[in-house]
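K.L.:
I'll drop the sequence and a predicted model, then ask my questions.
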Amino acid sequence: MLADFRYALRSLAVSRGLSAAAIFTLALGIRAHTAIFTVVYGIRMALGAHPRSLMRLFVRRSLTPVVIGAIIGTDPMSLAIAAILLTVVACGSAYVPARRAATVDPLVALRIP
């Protein structure tokens with residue numbers, strides 16, 4: 001199993017460009033999701049939703065496609081490591097904007113530029 005783990009890390013190191021592009025695309029998509037749904041979360045907060053429930057909702061909606069893709073596309077060890085890495089990046093990319101969106105004043109979130 002340790003040999004498989006080392007092989008997976010070597011495989012990821014060889015395709016650095018592809019790994020970087022996948023991580024960048026994932027982070028960009030989650031940030032775009034935040035920008036689009038800030039108004040929706042503002043409405044929910046104005047109606048009385050708790051910020052913690054909004055953060056859970058946002059993180060769950062952001063991570064669902066990542067987890068489904070990791071489960072479907074996982075091939076033994078190398079893809080499992082890549083799936084774990086992408087899930088960690090997705091968690092970070094989802095948590096920071098979710099926390100920011102949960103603390104936004106509803107009036108500011110509802111203001112359309």
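P.N.:
Okay, I see it.
K.L.:
C-alpha only now, for contacts and for neighbours.
P.N.:
Noted.
K.L.:
Nearest residue to the middle of the chain?
P.N.:
Note on the chain: the residue nearest the mean C-alpha position is residue 90, at 2.8 Å, using CA atoms, centre = their mean.
K.L.:
Distance from the helix or strand harbouring that one to the middle of the chain?
P.N.:
Residue 90 is part of helix 76-102, with elements assigned from DSSP states H and E. Put simply, helix 76-102 sits 5 Å off its chain's centre (CA atoms, centre = their mean, to the nearest Å).
K.L.:
Name the residues of that helix that are buried.
P.N.:
Going by neighbour count (16 or more other CA atoms under 10 Å), the buried part of helix 76-102 is 77-83, 86-87, 89-91, 93-95, 97-99, 101-102.
K.L.:
Just give me how far the lengthiest helix in the chain sits from the chain centre.
P.N.:
What stands out as the longest helix in the chain, according to DSSP state H, is helix 16-46. On the basis of CA atoms, centre = their mean, helix 16-46 sits 7 Å off its chain's mean C-alpha point.
K.L.:
now that helix against helix 76-102, angle please.
P.N.:
Following axes from the mean of the first three to the mean of the last three CA atoms, to 10 degrees, one obtains 30 degrees for the angle between helix 16-46 and helix 76-102.
K.L.:
ok so, going back, summarise which helices and strands the helix holding residue 90 is packed against.
P.N.:
Judged by 3 or more CA pairs under 8 Å, 6 or more residues apart in numbering; DSSP states H and E, helix 76-102 is in contact with helix 2-14, helix 16-46, helix 51-73.
K.L.:
Tell me where the model's unsure across the protein.
P.N.:
By pLDDT under 70, the low-scoring segments of the chain are 1-2, 4-5, 8, 12, 70, 73-79, 112-113.
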